[in-house]
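Trainee: test case, fold it:
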Amino acid sequence: MKRLIALCLLALVACNEEEAKAPPAPVDLTEQALSYFCQMNVLEHGGPKGQIHLDGHAAPLFFAQVRDLVAYLKSPEREADITAIYVSDMGAAQSWADPGKGNWIAAEDAIYVVGAGVAGGMGAPEIVPFAEDAGAAAFIANYGGEVHKLDTIPDDAALGAVDLNMTLETPS
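Mentor: Predicted coordinates for the structure are as follows:
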């Protein structure tokens, strides 16, 4: 009997530990969502968005461009451990101007189009996330670029200087 009780307690503790490790859910965009780097309202800018949840922080860090989110990830400075990362699924977006307030996908599961020469919400070249290969392929057919996973995005795609003379397209 003592063994059965001990096993039940062990199972309960293991279950509680797993529950505690579950990542926080994505947060829908609101008028209060400010971009981490520039403190501008995220909803006022087109293109895909991102959010990073940090351990011990009640609200996520929002990013007006996925490029900025990737730059943050590649930076050695952090306020706390990252518990979750979400990006807009542009395959589910109404349009570039209206990428959606709640169509988030886990960043590590997304397929990214890099080098398409499209302008993100802050005017810099954008890294465009999709939940499905077909969405990324259709985007590449229209705007160019190449497919990457989050961990293969080249540093210069997020950290490189922006050529102010470069002509960037704003997708429809």
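Trainee: double-check Met122 against Gly46; I have them as touching.
Mentor: No. Applying Cβ atoms under 8 Å as the test, Met122 and Gly46 come out as separate, 10.0 Å apart. C-betas here are computed from N, CA, C, even on glycine.
Trainee: what is the burial count for Ala106?
Mentor: Using other Cβ atoms under 10 Å, Ala106 is surrounded by 14 other residues.
Trainee: who are the neighbours in contact with it?
Mentor: Residues near Ala106 by Cβ atoms under 8 Å, 6 or more residues apart in numbering: 23, 84-86.
Trainee: again, but for Ala157
Mentor: If you count contacts by Cβ under 8 Å, 6+ apart, then Ala157 has 67, 70, 114-115, 125, 127 around it.
Trainee: recalculate using a threshold of 10 Å.
Mentor: 67, 70-71, 74, 112, 114-115, 125-127, 145, 148 (Cβ atoms under 10 Å, 6 or more residues apart in numbering).
Trainee: burial measure for Glu169, as a count.
Mentor: Residues lying near Glu169 (other Cβ under 10 Å) number 13.
Trainee: with adjacent residues omitted, what lies nearest to it?
Mentor: Counting by Cβ to Cβ, 6 or more residues apart in numbering, Val118 is the residue found nearest to Glu169 once chain neighbours are left out, at 5.1 Å.
Trainee: tell me the pLDDT of the one you found.
Mentor: Note on Val118: pLDDT of 94.
Trainee: give me phi/psi at it?
Mentor: Per-residue torsions, Val118: phi -110, psi 150 (degrees, to the nearest 10).
Trainee: adding neighbour count, write the contacts of Ala106 out as CSV.
Mentor: Listed next are these as CSV, based on neighbours: other Cβ atoms under 10 Å:
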residue, neighbour count
Pro23, 12
Ala84, 19
Ile85, 24
Tyr86, 26
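Trainee: what's the farthest-apart pair in the contacts of Ala157?
Mentor: With Cβ to Cβ as the measure, no two of the contacts of Ala157 lie farther apart than Lys74 and Gly145, at 18.9 Å.
Trainee: more crowded one of these two?
Mentor: Neighbour totals were compared for Lys74 and Gly145, and Gly145 leads with 21 against 13 (other Cβ under 10 Å).
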